[in-house]
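J.: Just to be clear, the model below is a prediction. Sequence and coordinates:
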Amino acid sequence: MDFDFIGNTFLRLVSALPLTLSVWLLSVILGAIVAGLVTWMRTSASKPLEWFARAYVGVFRGTPLLIQLFIVYYGLASLPAVRHSLFWPFLREPFNCAVLSLGLCTAGYQAEIFRGALLAVPHGAVEAARACGMSGLLMFRRVIFPIAVRHALPPYSTEMISMVKATALVSLVTLWDVMSVALKIRNDTLVTYLPLILAGAIYLVVNYAIGVAFLALERRLSPHLRPRPS
């Protein structure tokens, strides 16, 4: 076994990890912002806003992320109106297109997680807050939001882990992420499995760290889940 090759390959893959994490972090932040807006539309009393939110969630959850990525990166660039618009300096960068595609996609999933968490808040808790004379904003901050967050954390952590794995697709739009570097090493050296196994190990460690962090947060926000002292 060539340990020098393993070490060099691992270092090259790790050097690409910051870009992978940057795409992931910015896309989930963008997704959370869009998801908050979509959730508000979905739960509003306005039928047009609700229909738009339903359509948004249906489209982005019902179509492959790869197609969405190609439409943003290749499709929009083929339109003269886009190339001559004020959005072109942003859309001509592969990194921006990757973040935009992943962010819009995860927003559809996050919106459903947020909506489900809000619906899981017990009606009795809301009625009790109203009986205490809480305003709408105070009730949301002290009652609805804390309960909804606890309900949202398990599915939200799953979505965050899925997004880390989804970043592997950005290798198809010329970004040198972990997956792209692994494929280049494989093509240059004709060593098929080792670069991919090392890349998979890096994704596994990152996802494990995210899972542990969300589990710790869930236990902190849910005292009944903490282990009792013996």
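T.: Yes, it's here. Numbers count the residues shown, from 1 in each chain.

J.: Now do whichever helix in the chain runs longest: which elements does it pack against?
T.: As far as residue count goes, and with DSSP state H defining each element, the longest helix of the chain is helix 193-221. Under the contact criterion of 3 or more C-beta pairs under 8 Å, 6 or more residues apart in numbering; DSSP states H and E, helix 193-221 touches helix 3-15, helix 17-42, helix 145-166, helix 178-189. Every residue, glycine included, has its C-beta placed from N, CA and C.

J.: Buried residues, it. List them.
T.: Neighbour-count burial for helix 193-221 flags 194, 195, 198, 199, 202, 203, 206, 207, 210, 214, 218 (criterion: 16 or more other C-beta atoms under 10 Å).

J.: Starting from residue 208, give me the distance back to the last one.
T.: Same thing as residue 218. Taking C-beta to C-beta, to the nearest Å as the measure, residue 218 and residue 208 are separated by 16 Å.

J.: And residue 117, how close does it get to residue 20?
T.: From residue 117 to residue 20 the distance is 28 Å (C-beta to C-beta).

J.: Who has more neighbours out of those two?
T.: Here residue 117 and residue 20 are compared on neighbour count by other C-beta atoms under 10 Å; more neighbours surround residue 20, at 26 against 22.

J.: and that one, what is it in contact with?
T.: For residue 20, the contacting residues are 164, 167, 170, 177, 178, 179, by C-beta atoms under 8 Å, 6 or more residues apart in numbering.

J.: Return the set of buried residues in stretch 93-105.
T.: Judged by neighbour count using 16+ other C-beta under 10 Å, the buried positions of stretch 93-105 are 95, 96, 97, 98, 99, 100, 101, 102, 103, 104, 105.

J.: Narrow the residues you listed to those in helices?
T.: Among those, the residues falling in helices (DSSP H) are 95, 96, 97, 98, 99, 100, 101, 102, 103, 104, 105.

J.: For the least confident helix or strand in the chain by mean pLDDT, name the packing helices and strands.
T.: Confidence across the helices and strands of the chain bottoms out at helix 136-139, with a mean of 80, counting by mean pLDDT, DSSP states H and E. Contact partners of helix 136-139 among helices and strands, from 3+ C-beta pairs under 8 Å, 6+ apart: helix 123-131.

J.: Quick check: residue 44 touching residue 51?
T.: No. Residue 44 lies out of contact with residue 51 (C-beta atoms under 8 Å); the separation is 10.8 Å.

J.: Now for residue 125, how many residues are close by?
T.: Taking other C-beta under 10 Å as the criterion, the count of residues near residue 125 is 14.

J.: now what about stretch 106-125, what contacts it?
T.: Contact partners of stretch 106-125, identified using C-beta under 8 Å, 6+ apart, comprise 27-28, 30-36, 38-39, 42-43, 53, 56-57, 59-61, 143-144, 147-149, 151-152, 155-156, 159, 162-163, 166.

J.: Kind regards, and thank you for your time.
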